[in-house]
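Novice: Fold the following for me, if possible:
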Amino acid sequence: MLVAEVGPPALSTHAKPAPAHLGPAERPNSLVAAAGHATADSLVDLSQRRAAEHVSLYIILAEKVVVLDRLRGRFETYLGLLGKWFSSIEASPTAWTIVGLVFSILSGVAYSHAGYDGQLVGGILILAAGWFDIVDGAVARVTGRVSKQGAFLDSTLDRVAEVVIFLGILAGGLTSPALALTALSLSLLVSYTRAKGDALGITLSGVGVGERSERLLILAVASIAGYAGWGIILVAIVAGYTFLERASRAMRILGQV
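Specialist: Numbering: from 1, shown residues only. Below is the predicted model:
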């Protein structure tokens with residue numbers, strides 16, 4: 001889990017005593033909660049309070065990513081039911097993959113329009129794209145139409161979708177070019193290490209907390225909250241951590257062969 005610390009806030013001259021239950025924080029997010037209390041209006045400068053709010057979002061998203069990673073395997077039954085329902089519609093898994101790509105492209109377009117509205121729409125469209133990314137795999141498994149060709153197309157279009165989304169964020173000026181390039185590069189490296197591992201007979205799926213679904217969920221939630229820039233930073237961190245974890249595990253396994 002990512003841990004962030006908030007330094008001692010600058011006290012204002014009209015400070016009032018804080019309630020007794022807001023004692024010393026035992027965890028970083030407890031300190032953030034204390035800073036967000038109504039009493040903090042008189043205790044903490046506005047800039048310090050905004051920084052605390054940013055860190056609070058940062059910690060919450062990190063915790064959700066870990067939870068999502070742990071619950072991943074519990075949804076297989078529901079995915080089977082989902083696949084059965086969507087398989088009744090006369091559409092191939094590839095068709096659902098294309099639908100997901102279209103939503104990702106629309107998300108990139110929405111992000112290119114700077115402002116909160118662009119972030120909100122972009123985040124919602126990412127969630128829609130992620131939904132259809134789940135659907136295509138579920139339909140393929142239920143109908144027995146899993147193939148190497150379909151897997152290659154799905155993986156390739158997933159990379160295209162990520163690039164389009166990040167380009168939209170960059171075009172909208174929601175983050176700096178350096179941060180956007182860093183987050184995108186690390187995200188692609190996460191996918192590359194898994195693909196290379198598969199080619200060498202090493203299973204890296206599920207290793208790390210920054211797989212594609214988690215990265216896009218972080219970005220979507222942060223965008224809907226109006227913090228797409230912070231979402232990019234967190235994506236870069238979890239992607240970098242996952243890349244290093246996968247690379248180190250692959251090297252350990254290969255060293256034993």
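
Novice: Chain neighbours aside, what residue packs nearest to Gly197?
Specialist: The shortest distance from Gly197 to any non-neighbouring residue, by Cβ to Cβ, 6 or more residues apart in numbering, is to Leu204 (4.0 Å). (C-beta placed from N, C-alpha, C; glycine too.)

Novice: Next, the one you found: secondary structure please.
Specialist: coil (DSSP: H, G, I helix; E, B strand; the rest coil).

Novice: got any ranges where this protein has weak pLDDT?
Specialist: The model of the chain has pLDDT under 70 over residues 1-91, 257.

Novice: follow-up on the earlier one: what separation do you get for the residue nearest to Gly197 and Val121?
Specialist: 34 Å (Cβ to Cβ, to the nearest Å).

Novice: Look at these two and report which has more neighbours.
Specialist: More neighbours surround Leu204 than the other of Leu204 and Val121, with 22 against 18 (other Cβ atoms under 10 Å).

Novice: so the more buried one makes contact with Met251?
Specialist: No. With contact defined as Cβ atoms under 8 Å, Leu204 does not count as touching Met251 (11.5 Å).

Novice: what sits against the nearest residue to Ile224 once chain neighbours are set aside?
Specialist: Distances taken as Cβ to Cβ, 6+ apart put Gly123 closest to Ile224, at 4.0 Å, once the chain neighbours are dropped. By Cβ atoms under 8 Å, 6 or more residues apart in numbering, the contact set of Gly123 is 107, 219-224, 228.

Novice: can we see that at 7 Å?
Specialist: 220, 223-224 (Cβ atoms under 7 Å, 6 or more residues apart in numbering).

Novice: what phi and what psi does the backbone show at the residue nearest to Gln119 when sequence neighbours are not counted?
Specialist: Using Cβ to Cβ, 6+ apart and skipping residues adjacent in sequence, the residue nearest Gln119 is Ser223, 4.3 Å away. Recorded main-chain torsions at Ser223 are phi -70, psi -40, according to degrees, to the nearest 10.

Novice: Quick check: the gap between Ser223 and Ala151.
Specialist: 29 Å.

Novice: Which residue ranges of the stretch 151-257 of the chain form helices?
Specialist: Secondary structure of the stretch 151-257 of the chain by DSSP state H, counting those that start in this stretch: the helices cover 177-199, 212-224, 228-256.
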